[in-house]
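# Provided below for reference: sequence and predicted model.
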Amino acid sequence: MPPDRLLTPAEVAALFRVDPKTVTRWAQQGKLHSIRTLGGHRRYPEAEILAFLAAARQLPHPVRDRGLAACRPAHRAGPGIGTRHACFR
């Protein structure tokens, strides 16, 4: 059986649509398992990342699954609400 492909932080970040620093933070918090190269760079086993991604997709999404009504009224009103807003994460 061939060894598991290793992904860079940028590749993992692209899968999750987050910044590579977020991927590193997840590894430091123990949410993701990382392997260090001889140069000290992090690499992530592809099978574990795909399993983590599949599990993350099973979690309920606060807005998609409950609608914007779940957000506090003060946040619903007014312009400028973007996808970085806490109710959209």
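Alright, I've got the coordinates. Residues are numbered from 1 along each chain as shown.

# where do the helices sit along this protein?
Assigned by DSSP state H, the chain shows helices spanning 9-16, 20-28, 46-58, 73-76.

# angle of the longest one against helix 9-16?
Counting by axes from the mean of the first three to the mean of the last three C-alpha atoms, to 10 degrees, helix 46-58 lies at 30 degrees to helix 9-16.

# what's next to helix 46-58, contact-wise?
Here helix 46-58 makes contact (C-beta atoms under 8 Å, 6 or more residues apart in numbering) with 4, 5, 6, 7, 12, 15, 16, 31, 32, 33. For the C-beta atoms, the positions are set from N, CA and C on the backbone; glycine is no exception.

# And residue 50, what's its pLDDT?
Residue 50 is assigned 91 on the pLDDT scale.

# try residue 37
95.

# If we ignore the residues flanking it in sequence, what's nearest residue 15?
Once flanking residues are discounted, residue 15 sits nearest to residue 53: 5.9 Å by C-beta to C-beta, 6 or more residues apart in numbering.

# burial count for that neighbour?
For residue 53, the neighbour count with other C-beta atoms under 10 Å is 12.

# Check residue 10 too.
10.

# give me every residue that touches it.
residue 20.
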